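Student: Kindly return the folded structure for what I paste below:
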Amino acid sequence: MTGEEWLETLEIATANVTQNEKEAKAWQAALLRKTADVPFPVAYESNEDMTWLKNDKGRLFVRFDGLGKLTFEIYCDQRHLHYFQRFLEDQEIKRNSKNQHSSSLFTLRSGRLAWFPDEGKGKVWKVNQLHLYCSLDTRMWTTEGTQQVVEEKFTKITKTLTKVKQKDDLKDKQQAFITRQQSTLDRINNPFPRPSKPNYQGQPSILVGVSFGLKKPVTVAVVDVVKNEVLAYRSVKQLLGENYNLLNRQRQQQQRLSHERHKAQKQNAPNSFGESELGQYIDRLLADAIIAIAKTYQADSIVIPKLRDMREQISSEIQSRAEKKCPGYKEAQQKYAKEYRISIHRWSYGRLIESIKSQAAKVGISTEIATQPIKGSPQEKAGNLAVFAYQERQAA
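Tutor: Model prediction:
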């Protein structure tokens, strides 16, 4: 943030001659790297690293380990308020019961404190905003979901303790570990009071396959794998509905930024142009639509392609289009493939997968990973993906 590394590199680069191309690129990268305007985020991996408080006026506050008695007031939307109230309730119940409850059953799992840069004049701590990001286990929201977590933890801890106890001549640290795990085992049988809500129950024979592609980013097939029958298909246009025009807007934005980045690279200027949150918003819309269709057909799970296979999938799709467009002409195929890559929508499949997983977890629908077929239409790929996942499940 102070720019010392940048100045040091500049001084070296102006007073010395590079020994090779690798060194030259390293100097260039250091000089073109955009300097951070705000501190790096601080991660709080333990849910007890944050202490939740409420004042006489009912305002919520949080205090972080390592920052002394510094206290932060929570400002949030009304739709997020109940989450913070739950974080406070969990800690108060644990304190009032004299630690008869386990923090491993807290709804809150971890947090991250980060500065959000903003434009304006004045003191940096007044211009920029401080954001708190919280991750939570949605299963902890209900009695039934919490019981699922308890059973998982009980099995895991019991298995671990059995292995450790089989060893001879346990050391002090191992004895202390056994004591802690046994204490956790005793306390998780005393769960926090939660509202009751039946868990989502899907039909085991119905799966939702989600195929990814270049021309058609997302295609959904609802399949009854026992009857070998496709119940429904959904294209990306049907999933987005009236918001489909956002795809064109995002593609235009990507092309504009790509052009600006190319110009900056030719001029050896900083070229880290970030995209807006439009892509993330579209991912959430698609994830919500996929969850909705899964609930409509009472699907047991949602099957997603393996992310590491997407590069091969995209290359295969482009090559197939190039061969159809320019049969028997290699140079023309390569030129067409290059131009097609530039013109087509570039999708963040990893971000979309995480969005689908997150939304599915909220309603209790499981997700599975399977290998997406290379050949076939997007609808056939989505349907076969669900069938392959079911076959792998049966084989396992």
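
Student: Around Leu170, how many other residues sit close by?
Tutor: 13 (other C-beta atoms under 10 Å). For glycine as for every other residue, the C-beta is placed from the backbone atoms N, C-alpha and C.

Student: three-state assignment of the closest residue to Ser235 other than its chain neighbours?
Tutor: Of all residues not flanking Ser235 in the chain, Thr219 sits nearest, at 6.0 Å (C-beta to C-beta, 6 or more residues apart in numbering). Under DSSP: H, G, I helix; E, B strand; the rest coil, Thr219 falls in the strand class.

Student: Can you name the residues that contact Thr219?
Tutor: The neighbours of Thr219, taking C-beta atoms under 8 Å, 6 or more residues apart in numbering as the test, are Val210, Ser211, Gly213, Tyr233, Arg234, Ser235, Val236, Pro378, Gln379, Lys381, Ala382.

Student: what bridges to it?
Tutor: Ser211 (DSSP bridges).

Student: before we move on, the earlier item: min pLDDT across the contacts of Thr219, which one?
Tutor: Across the contacts of Thr219, the smallest pLDDT goes to Gly213, namely 81.

Student: From Tyr281, how far out is the residue nearest to Ser235?
Tutor: Using C-beta to C-beta, to the nearest Å, one obtains 20 Å as the distance from Thr219 to Tyr281.

Student: just so I have it, where are all the helices in the stretch 201-350 of the chain?
Tutor: Assigned by DSSP state H, counting those that start in this stretch, the helices in the stretch 201-350 of the chain fall at 236-240, 245-266, 278-296, 310-325, 330-343, 349-363.

Student: And the shortest one, what does it pack against?
Tutor: The criterion is 3 or more C-beta pairs under 8 Å, 6 or more residues apart in numbering; DSSP states H and E, and the helices and strands that helix 236-240 contacts are strand 218-224, helix 245-266, helix 278-296.

Student: Name the residues of it that come out as buried.
Tutor: Across helix 236-240, burial judged by 16 or more other C-beta atoms under 10 Å covers Val236, Leu239, Leu240.

Student: quick one: buried residues of the helix or strand hosting Lys156?
Tutor: In this structure, Lys156 is located in helix 143-165 according to DSSP states H and E. By 16+ other C-beta under 10 Å, the buried positions in helix 143-165 come out as Thr143, Glu144, Gly145, Thr146, Val149, Val150, Lys153, Ile157.

Student: One more: stretch 95-106?
Tutor: His101, Ser102, Leu105, Phe106.

Student: Filter the residues you listed down to just the ones in helices.
Tutor: Assignment to helices by DSSP state H places none of these there.

Student: Name the member of these with the shortest distance to Thr71.
Tutor: Distance to Thr71, by C-beta to C-beta, is smallest for Phe106 among those, at 19.8 Å.

Student: From Val236, how far out is that closest one?
Tutor: 38 Å.

Student: Also Asn99?
Tutor: Taken as C-beta to C-beta, the span from Asn99 to Val236 is 51 Å.

Student: With Pro195 instead?
Tutor: Pro195 sits 36 Å away from Val236, taking C-beta to C-beta as the criterion.

Student: again with Tyr390
Tutor: Per C-beta to C-beta, Tyr390 is found 24 Å from Val236.

Student: check contacts around Lys91.
Tutor: No, residue 91 isn't Lys; it's Gln. Applying C-beta under 8 Å, 6+ apart, the residues contacting Gln91 are Thr51, Trp52, Phe106.

Student: ok, the second one - how many residues close by?
Tutor: Spelled out, it's Trp52. Number of residues near Trp52 (other C-beta under 10 Å) recorded here: 19.

Student: Which residue is the nearest non-sequential neighbour of it?
Tutor: Leu88 (4.1 Å).

Student: any idea of the mean pLDDT in the helix or strand harbouring that neighbour?
Tutor: Under the criterion of DSSP H and E, Leu88 resides in helix 78-96. Confidence over helix 78-96, taken as the mean pLDDT, stands at 93.

Student: Only C-alpha atoms, please: export it in CSV.
Tutor: The C-alpha trace of helix 78-96 is given here as CSV (Å, rounded to 0.1, in the frame of the first residue of the first chain):
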residue,chain,number,x,y,z
GLN,A,78,-33.8,-6.0,7.1
ARG,A,79,-33.6,-9.4,5.3
HIS,A,80,-30.1,-10.0,6.8
LEU,A,81,-31.0,-8.9,10.3
HIS,A,82,-32.3,-12.3,11.6
TYR,A,83,-28.9,-13.9,10.8
PHE,A,84,-27.0,-11.6,13.1
GLN,A,85,-29.7,-12.0,15.8
ARG,A,86,-29.2,-15.8,15.5
PHE,A,87,-25.4,-15.4,16.0
LEU,A,88,-26.1,-13.4,19.2
GLU,A,89,-28.7,-15.9,20.5
ASP,A,90,-26.3,-18.8,20.0
GLN,A,91,-23.5,-17.2,22.0
GLU,A,92,-25.9,-16.0,24.7
ILE,A,93,-27.4,-19.5,25.1
LYS,A,94,-23.9,-21.0,25.4
ARG,A,95,-22.7,-18.4,28.0
ASN,A,96,-25.9,-18.7,30.1
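
Student: after it, next one along is what?
Tutor: strand 108-116.

Student: Could you pull out the buried residues of that following strand?
Tutor: Neighbour count says strand 108-116 has Leu108, Gly111, Leu113, Trp115 buried, by 16+ other C-beta under 10 Å.

Student: contacting residues around the first one?
Tutor: Put plainly, it is Leu108. Applying C-beta under 8 Å, 6+ apart to Leu108 gives the contacts Asn47, Met50, Arg86, Phe87, Asp90, Cys134, Ser135, Leu136.

Student: quick one: which two of those are the most distant?
Tutor: Most distant of the contacts of Leu108, by C-beta to C-beta, are Asp90 and Ser135, 14.5 Å apart.

Student: and Ala13, which of the three is it?
Tutor: Using three-state DSSP, the structure places Ala13 in helix.

Student: so it makes contact with Ala29?
Tutor: No: checked against C-beta atoms under 8 Å, the pair Ala13 and Ala29 is beyond contact range at 11.4 Å.
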